[in-house]
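1. Got a sequence here, can you build the structure:
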Amino acid sequence: MVKKKVIITGSEGIVGSAVCSHLSSLYDLDKISLRFGQDLTDENFVKKYFKETKAEYLVNCFGFNDHIDANKENESLFDVNLDSMNKYLSLNIVSLFSVCREFARNEVAKGIVNISSIYGMVSPLPSLYDNTEKHIGYSVSKGAVIQLTRHLAVHLAPKIRINCIVLGGILDKQSDEFKEKYSELTPLKRMMNRSEIGGLIEYLCSDKSTYMTGAIIPLDGGWTAR
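-> Numbers count the residues shown, from 1 in each chain. The predicted structure follows:
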């Protein structure tokens, strides 16, 4: 049996690598990553790649994040540089739109899965970040991913289904203090393990979800349900 092809953007990141690990035995994966010299902000590359590469599904794991950094300056909302705001919007939403649009030209395309964040639905809590600014560009751009998903779901139907997974905090290299504080604020009382992401994406990249499009699905331990 010929395996369906799935394109994974941001395949080498925290989310992308976990998705690839889960899907590798089920699908024929085509990986895209800046680590491979593939720049998704380059529209010419995006157009060429998707003209040459046909796949049934696209999973967009690429993006620019405001990672926790112990050495981060204690800036406030009023200190945010507008160029830094543009960086989040350019990569996380403009480039995402470009990638989705070029994939949608593919005659065999069936579905797209976008990745957003809880901070695209609710505001970061300043107290969780020692009262520093969790960059507003990240939150705004991830909120835009949700709306982009809804827009595309309507305009590309019925040919292509587009859904969005809203991720909560993923256990990685955070300090013990942060992990404790975050877990206390989460109904399931813990952060997410990377291995818990792939199952939902597998479902969305299958014929088991053929009546699902425009769905915004929290995978957040109950964070946005509070």
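2. Please tell me how far stretch 115-123 is from the chain's geometric centre.
-> Centroid separation between stretch 115-123 and its chain, computed with Cα atoms, centre = their mean, to the nearest Å, is 10 Å.
3. Show me which parts of it are buried, residue by residue.
-> 115-121 (16 or more other Cβ atoms under 10 Å). C-beta: built from backbone N, CA, C; applies to glycine.
4. Same check on stretch 3-17?
-> 4-17.
5. Same question for stretch 48-68.
-> Quick answer for stretch 48-68 (16+ other Cβ under 10 Å): 49-50, 55-66, 68.
6. Report the distance from the top helix by length along the chain to the chain centre.
-> Ranked by residue count under DSSP state H, the longest helix found in the chain is helix 136-155. Computed by Cα atoms, centre = their mean, the chain-centroid distance of helix 136-155 equals 11 Å.
7. Does anything pack onto that helix? Which helices or strands?
-> Counting contacts by 3 or more Cβ pairs under 8 Å, 6 or more residues apart in numbering; DSSP states H and E, helix 136-155 is packed against helix 82-89, helix 96-104, strand 111-117, strand 161-167, strand 216-219.
8. and if we set it to 6 Å?
-> helix 82-89, strand 111-117, strand 161-167 (3 or more Cβ pairs under 6 Å, 6 or more residues apart in numbering; DSSP states H and E).
9. out of the ones you listed, which comes closest to T213?
-> Between T213 and these, the shortest gap by Cβ to Cβ is with strand 161-167, which sits at 4.0 Å.
10. hmm, who's touching the closest one?
-> 111-118, 146, 149, 152-153, 204, 213, 215-219 (Cβ atoms under 6 Å, 6 or more residues apart in numbering).
11. Of those residues, just the buried ones, PyMOL syntax please.
-> Buried subset of the contacts of strand 161-167, written as a PyMOL selection, criterion 16+ other Cβ under 10 Å:
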select buried, resi 111+112+113+114+115+116+117+118+146+149+152+153+204+213+216+217+218+219
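12. Backbone dihedrals for I32, both of them.
-> Backbone torsions of I32, given as degrees, to the nearest 10, read phi -120, psi 130.
13. and the gap between G168 and L185?
-> Per Cβ to Cβ, to the nearest Å, G168 is found 10 Å from L185.
14. ignore the last one, S90
-> 31 Å.
15. repeat for P124
-> 11 Å.
16. what do you get for R105?
-> Taking Cβ to Cβ, one finds R105 at 42 Å from L185.
17. neighbour-wise, which of the two wins?
-> L185 (16 against 10; other Cβ atoms under 10 Å).
18. Okay, and the beta partners of the residue nearest the centre of the chain?
-> In the chain, the centroid-proximal residue (Cα atoms, centre = their mean) is I115; its distance is 2.4 Å. With DSSP bridges applied, the residues forming beta bridges to I115 are I165.
19. where does it land on pLDDT?
-> I115 carries a pLDDT value of 98.
20. shaky segments in this structure?
-> Scanning the chain for pLDDT under 70 picks out 1, 68-74.
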